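1. Requesting a structural model of the entry that follows:
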Amino acid sequence: MDGAVPSEILPAAEKVFGDRLPTAIRFAELLVTDGVVRGLIGPREAPRIWERHLLNCAVVADLIPSGASVVDVGSGAGLPGMVLAVARPDLAVTLVEPLARRTAFLSEAVTALGLERTTVVRARAEECVGKLPLADVVTARAVAPLDKLAGWCLPLTAVGGHLLAMKGASAAAEVAEHAEVLTRLGAGTASVRTCGDAVLAEPTTVVDVVREREVARPRKAGGRRGR
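-> Residues are numbered from 1 along each chain as shown. A predicted model of the protein is given here:
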């Protein structure tokens with residue numbers, strides 16, 4: 001199997017990636033070959049890698065300002081962080097992932113695709129606090145419920161910056177359910193936004209959380225695992 005774009009969604013891919021489409025195709029090839037062999041992408045996902053994964057992630061770039069610094073938490077196979085780096089070479093992207101086999105794949109992909117402004121860090125999000133510069137945007141896809149995710153990601157976000165959490169149908173309910181927790185974590189506005197409405201049959205749903213202020217981080221005796 002190769003990473004070719006299915007003909008029925010080629011117009012959407014061309015619109016989303018523009019002149020970066022050849023690089024996106026190369027990344028798709030890596031995902032459906034090495035990514036499957038190494039257990040990062042399920043075999044059943046390979047045939048729908050473009051519609052379900054690459055385009056789904058790439059349209060989130062519409063919410064990211066030009067030249068922004070981005071930290072992608074729990075990058076896995078590079079969704080959405082690698083896709084954003086491919087689509088937007090103006091971004092400085094840091095991929096944070098704790099598992100060695102995933103960071104090995106990500107590092108190899110960064111080199112193969114020539115993504116000079118993309119860095120791979122093997123760590124959990126909580127281990128990066130105070131070690132990575134605060135980012136304009138922190139992204140995450142299918143990592144955890146919104147309260148836990150915000151606890152890991154907001155401390156990596158600059159005040160005035162945004163946590164963009166890719167979510168499904170539960171997005172609005174999660175915002176309502178965890179509103180108090182978000183406020184305690186220093187968040188201001190949290191809203192549900194959709195991306196790719198004009199090009200995707202199913203637009204991508206994103207919870208956009210603005211970090212309004214810094215808050216003291218409580219010490220925990222045993223620590224907590226994070227992404």
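
2. burial count for Arg26?
-> Residue crowding around Arg26 was assessed by other C-beta atoms under 10 Å; the count is 16. From N, CA and C alone the C-beta is placed, and that goes for glycine too.

3. nope, Ala13 is what I was after
-> Tallying neighbours of Ala13 according to other C-beta under 10 Å, which is how burial is gauged here, yields 21.

4. Which of the helices or strands spans it?
-> Assigning secondary structure by DSSP states H and E places Ala13 in helix 10-17.

5. And the helix or strand hosting Val210, how far out from the chain middle?
-> Element membership of Val210 [criterion: DSSP H and E] is strand 204-211. Relative to the mean C-alpha coordinate of its chain, strand 204-211 is positioned 11 Å out (C-alpha atoms, centre = their mean, to the nearest Å).

6. okay, that strand in PDB with CA atoms only?
-> As requested, the backbone C-alpha atoms of strand 204-211 are provided in PDB (Å, rounded to 0.1, in the frame of the first residue of the first chain):
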ATOM      1  CA  THR A 204     -13.000  18.500  12.700                       C
ATOM      2  CA  THR A 205     -14.200  19.400  16.200                       C
ATOM      3  CA  VAL A 206     -11.800  21.300  18.400                       C
ATOM      4  CA  VAL A 207     -12.100  22.600  22.000                       C
ATOM      5  CA  ASP A 208     -10.200  25.900  22.000                       C
ATOM      6  CA  VAL A 209      -9.100  26.800  25.600                       C
ATOM      7  CA  VAL A 210      -7.400  30.100  26.200                       C
ATOM      8  CA  ARG A 211      -4.800  30.300  29.000                       C
END
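
7. Contacts for it next, please.
-> 56-57, 59-60, 63, 146, 150, 154, 157-169, 171, 174-175, 182, 186-196 (C-beta atoms under 8 Å, 6 or more residues apart in numbering).

8. Can you give me the neighbour number for Pro133?
-> Around Pro133 there are 11 other residues, counting by other C-beta under 10 Å.

9. that older thread, list the buried ones in the helix or strand that the helix holding Ala13 is followed by?
-> Sequence-wise, the next helix or strand downstream of helix 10-17 (DSSP H and E) is helix 21-30. When neighbours are counted by 16 or more other C-beta atoms under 10 Å, the buried residues of helix 21-30 are found to be 21, 23-30.

10. If you average the pLDDT over helix 21-30, what comes out?
-> Averaged across helix 21-30, the pLDDT comes to 97.

11. residues touching the residue positioned nearest the centre of the chain, list them.
-> Ranked by distance to the mean C-alpha position of the chain (C-alpha atoms, centre = their mean), the top residue is Pro80 at 3.4 Å. The neighbourhood of Pro80, defined by C-beta under 8 Å, 6+ apart, consists of 57-58, 60, 72, 139, 141, 166.

12. which ones are touching the closest residue to it other than its chain neighbours?
-> Spatial nearest neighbour of Pro80, excluding adjacent residues (C-beta to C-beta, 6 or more residues apart in numbering): Cys57 at 3.5 Å. Under the criterion of C-beta under 8 Å, 6+ apart, the neighbours of Cys57 are 79-80, 83-84, 141, 166, 204.

13. that older thread, show me which of the buried residues of helix 21-30 is closest to Arg117.
-> Nearest to Arg117 among these is Thr23, at 13.1 Å by C-beta to C-beta.
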